[in-house]
Structures are given as C-alpha cells and as structure tokens.
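Trainee: A structural model of the following input is requested.
(2 chains)
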Amino acid sequence: MKLNNVASRREFLKTIPTQELDEILQAELRKENIDDDLVRLILDVLEEREADRPVEISVEVATAVEKYTTYLDGLGKEPAKPTRRWSVVLKVASALVVVGLLFFVVPQAANAENFFEMLARWTDSIFEFFSPGDDNKQPEYVFETDHPGLQQIYDAVVELGVTEPVVPMWVPEEYELLECKTTSISRDKSVHAVLSNERDTIFFRVSIIDTKNGVNIYKDELGVITYEHNGTTHYIMQNLNRQIATWNTEKNICSVAVDCQEDILFEILKSIYTTEED
Amino acid sequence: MRSTIEDTLRHVQFLNRHLNTFDLQCMVVVVLLELGISTKRDGFDYMKNGIILLCEDPALLITKGVYPEIGKCYDPPVSNMQVEHSIRSAVSDAWSQHNSRVWGYYFPDSTGSKPKKPTNAEFMTRIARVLELWQGCRKEVSYETK
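Mentor: This next block holds a predicted model:
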C-alpha cells in the first residue's frame, strides 16, 4: 500500500523494526529509480531512534585526523595560509621549454579542532603547473557567486552566447537585483541589469559588438583614468556623480556604473575575473 | 551548535552501520540524498561521479580535472559549463530547503547566524574528504552502545 502523505509514511515507518528498516533502505538504494523521500524518511526515523541511545566512536579521532592530513600533505598539494585564499600561477619561459614554478607555504599542523578549517584551505588553494606547450592555456573560467541577482545576470549573459568573464561575482551586501533584461535590436544584443540597496544603484550592461555600431557612454568633463586587471584595460570615468567603468573583451563591450565610491567599483571589477585574491 | 569532526564521524558511522557496507558509491548516494539532492537531477549523477573521482584522486582539480572527467562519461560528452551549471543548480535547490543539522555534519559553515552555502568545489571536496577520513579509520571502529 503506497502512502502518499509524508507524515503518514513517517508514522508507518516508525512502526517497523530497525533491522527491517535497514533491509528496506539497502534494497531501495539498489534500485535504478530510488525513492528519494523514502530513503530520507528511513534515515530520519533511524536517527531519531539512536538519539536515545547514541553509539560511541571508539576510534581515536585526533590520531585519524593527523594521519589523514599527513596523507593529504604528501600528495604535494600544500594548504594555503589560514587567512587568505591564493591562486598563484608563475611561468618561466626558456628557449626550449616552459617551466612552472610552485610556491609552497608552510602548512599548519592539523588537529581534530581545526580539521574543517584545514579542509577549507585544501579546497581553496590551487597550484598549477604548465607543461611545455601549455603556456597559452588559461584556467577555464567558472562563474561562482552567492548572490542570486548576479547569478541571474550571468544566466542572461550566457543565454546571449557570451562565455567570457564579464559578470561580477561580488557586489556589496544588501544590493538586490531590481531588473535584468535582454534587448535585441537589429544586430545589437545587450543585457542590462540594475541592482540597488535602496540608496545607491549599480547599472550593468554587456553588449555584443556590431562592427558598424558602437556603444555610447556619456561622461562629464573630468578625465578618464585606466585600471588594468587580468590583462584588460578598464576605463573609469564620471558622469553626474556616478562612477562608470567600461571595457571591451574580444567580442563584447561592457560597462558598470555605480553610485558608490571608486574603491567599491574596483572591487566589483576584480570580482569579474576571480573570487580569489591576487 | 556547530558540528565537530567527532559529530561528523559519528554520523558517517551511523550511515555505514545501517547500510551494512562501505561501498563508496552507495555512501556517496546516501550522503547526497540526505543533503537534499534529488536523484532526478543531472547534477546528482555529476556530483556522485565527481565525489568518487575526488576520493580516488584527492589531488584532482575541480575545473581542470573533475568537470572534464565527468563530461567524458557521457555520449555526447557534456561540457564543463553544463556540468558546473547542473551541479550548482542542484546544490542551490537543496540549500534552499536544507536541513541544518545534516548539512552541519559536512559543512559547519552552513550553520549559525550567517550560514554560508558551499561552492561546487567545496561541496564535492568536503564530502569526499569526510568519506575518505572515515574509510581510513573505520577498521579501528568498534560499535559500542551506551
């Protein structure tokens, strides 16, 4: 008899002895189409039962952690310093061969208390070797952000066919996405987005270049400064107390305009290329 | 309250005991299910394969190693971007209704006043590391009930 209601299913499972629940669980996991809810409910019921009589671990956790982290150290991947996330790539070109240099930092001793902190650093630190012939290869760009508005902008940009890094992965806290729209007029296609924190606003635009037309960006009489990052020149200007950055990639013209300070604009620009500190 | 590594290992021991196996694939499937990842999503299979790859080769990089290896398993091959997108969507969906107690076993940063959603890399690598750690010490386990 199939019980559709989750609560009813849970109550029914509570009446089944533990050994039978184990057998049902194991059988379910061998199926091609697993009933996700059934597995979760069984685990919930089993955990509830064991909450009353917890099973002790006899293994020496601290020793196990130390052995495991020593094993990870031995793989040649060193954890980064505790307070910073690094992504470092260095190449030395010679007449015949391109050689990668690896930077080592001294690893902190791992113990049970800081195990998860150590794991975080193992995940975050990336060291790359470039073998001969790979000197033109760049690490593949992956967009990752916690901000749902930026994610939405990214998805719109990807739909436009843009695969280069153009969307920031970070904006200051409290900015929410107000609008994100794609326009397509003749051969010009753009994504426009507006984020706001109720006081200040960030305007973002990506336009696919048409060789006949360009994109006009209005500025006031103050000069233009340049900001180089990740091999791209960003032109920073002002218009009506708004900071505007514009730059072009191989196929796109991009701009970000912010009401807030210049240093925030620089952080936004940096986040387009990486979430890690240089 | 933030989980300690002892809490986490005790939980993995619980899973191991009731599954009556430490078949890695089976453990990965159960962990993903209890974290709220649906088996119906493409991202589920990608994550399962990715975590297994990371257990087999802990030095594998996510974007340059794991994603391409996952993509190659399919015909036609799946692009890195598609793999990344599918995993990210599956994690985001699970996060939106996450059980903080269960998530706290693997991602202590996901609990507390400012919970932090793990990135794709953090998600897969953390699960792989925990399962590896447990596998390394389970021979020393004796099951004693208080």
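Trainee: Please count neighbours and contacts with C-alpha atoms only from this point.
Mentor: Will do.
Trainee: B:F22 looks like it's in a helix, true?
Mentor: No - going by DSSP: H, G, I helix; E, B strand; the rest coil, the assignment for B:F22 is coil, not a helix.
Trainee: wait, doesn't it sit right on B:N16?
Mentor: Yes - when contacts are counted by C-alpha atoms under 8 Å, B:F22 is listed as touching B:N16 (6.0 Å).
Trainee: for the chain, what spans make up the strands?
Mentor: Since you didn't name a chain, this refers to chain A. Applying DSSP state E to chain A gives strands spanning A:55-56, A:87-88, A:90-93, A:98-101, A:126-127, A:176-185, A:188-196, A:201-208, A:225-229, A:232-239, A:242-248, A:252-258.
Trainee: right idea, wrong chain: chain B
Mentor: Using DSSP E, strands in chain B cover B:144-145.
Trainee: Do you have the helices of it handy? List them.
Mentor: B:5-19, B:24-34, B:42-56, B:67-72, B:80-96, B:100-106, B:120-137 (DSSP state H).
Trainee: give me the number of residues near A:I24?
Mentor: A:I24 has 15 neighbouring residues, counting by other C-alpha atoms under 10 Å in any protein chain shown.
Trainee: Kindly apply the preceding question to B:D23 instead.
Mentor: Here the number of neighbours of B:D23 (other C-alpha under 10 Å) works out to 10.
Trainee: repeat for A:E11
Mentor: 12.
Trainee: ditto for the one 3 residues further on
Mentor: The burial metric for A:K14, expressed as a neighbour count using other C-alpha under 10 Å, is 18.
Trainee: now for the strands of chain A, which one comes closest to chain B?
Mentor: strand A:55-56 (4.7 Å; C-alpha to the nearest C-alpha).
Trainee: Do that closest one and chain B come into contact?
Mentor: Yes - using C-alpha under 8 Å from any C-alpha of the partner chain, strand A:55-56 reaches chain B at A:55-56.
Trainee: Output the contacting helices and strands for that strand.
Mentor: The contact analysis (3 or more C-alpha pairs under 8 Å, 6 or more residues apart in numbering or on different chains; DSSP states H and E) places strand A:55-56 against strand B:144-145.
Trainee: at 10 Å what do you get?
Mentor: helix B:5-19, strand B:144-145 (3 or more C-alpha pairs under 10 Å, 6 or more residues apart in numbering or on different chains; DSSP states H and E).
Trainee: Quick check: bridge partners of A:N252?
Mentor: A:I208 (DSSP bridges).
Trainee: Wait, it touches A:S207, no?
Mentor: Yes - counting by C-alpha atoms under 10 Å, A:N252 touches A:S207, with 5.6 Å between them.
Trainee: quick check: angle from the longest helix along chain A to helix B:24-34?
Mentor: Within chain A, and with DSSP H defining each element, the longest helix by residue count is helix A:36-52. Going by axes from the mean of the first three to the mean of the last three C-alpha atoms, to 10 degrees, helix A:36-52 is angled at 90 degrees with respect to helix B:24-34.
Trainee: pLDDT of helix A:36-52, averaged?
Mentor: The average pLDDT for helix A:36-52 rounds to 91.
Trainee: how about that helix: buried residues?
Mentor: Buried residues in helix A:36-52, counting neighbours by 16 or more other C-alpha atoms under 10 Å in any protein chain shown, are found at A:36-47.
Trainee: what's the answer for stretch A:241-255, then?
Mentor: Neighbour-count burial for stretch A:241-255 [16+ other C-alpha under 10 Å]: A:242-248, A:252-255.
Trainee: Closest to the centroid, which residue in chain B?
Mentor: B:I127 (3.5 Å; C-alpha atoms, centre = their mean).
Trainee: Could you find the closest non-adjacent residue to that residue?
Mentor: B:Y106 (6.5 Å; C-alpha to C-alpha, 6 or more residues apart in numbering or on different chains).
Trainee: Contacts only, for that neighbour.
Mentor: A:116, B:3-5, B:7-9, B:11-12, B:31, B:35, B:123, B:126-131 (C-alpha atoms under 10 Å, 6 or more residues apart in numbering or on different chains).
Trainee: So it versus B:M81, what's the distance?
Mentor: 25 Å (C-alpha to C-alpha, to the nearest Å).
Trainee: try B:K117
Mentor: 20 Å.
Trainee: for B:L35, what are its contacts?
Mentor: B:L35 touches A:40, B:29, B:91, B:94-95, B:97-106, counting by C-alpha under 10 Å, 6+ apart.
Trainee: low-confidence ranges in chain A?
Mentor: A:1-4, A:57-59, A:73-141, A:186-187, A:209-223, A:240, A:274-278 (pLDDT under 70).
Trainee: quick one: B:M81 and chain A, what's the gap?
Mentor: Taking C-alpha to the nearest C-alpha, to the nearest Å as the measure, B:M81 falls 7 Å from chain A.
Trainee: Check what pLDDT that residue gets.
Mentor: pLDDT, B:M81: 78.
Trainee: Quick check: chain neighbours aside, which residue is closest to it?
Mentor: B:M81's closest residue in space is A:V142 (C-alpha to C-alpha, 6+ apart), at 7.5 Å.
Trainee: Ok, B:P77 next?
Mentor: B:G71 (5.1 Å).
Trainee: returning to what we had before: let's have the buried residues of helix A:36-52 in JSON lines, adding distance to chain B.
Mentor: As requested, the buried residues of helix A:36-52 are arranged in JSON lines below (distance: C-alpha to the nearest C-alpha, whole Å):
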{"residue": "A:D36", "distance to chain B": "7"}
{"residue": "A:D37", "distance to chain B": "9"}
{"residue": "A:L38", "distance to chain B": "10"}
{"residue": "A:V39", "distance to chain B": "8"}
{"residue": "A:R40", "distance to chain B": "6"}
{"residue": "A:L41", "distance to chain B": "9"}
{"residue": "A:I42", "distance to chain B": "10"}
{"residue": "A:L43", "distance to chain B": "8"}
{"residue": "A:D44", "distance to chain B": "9"}
{"residue": "A:V45", "distance to chain B": "12"}
{"residue": "A:L46", "distance to chain B": "9"}
{"residue": "A:E47", "distance to chain B": "8"}
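Trainee: No further queries at this time; thank you.
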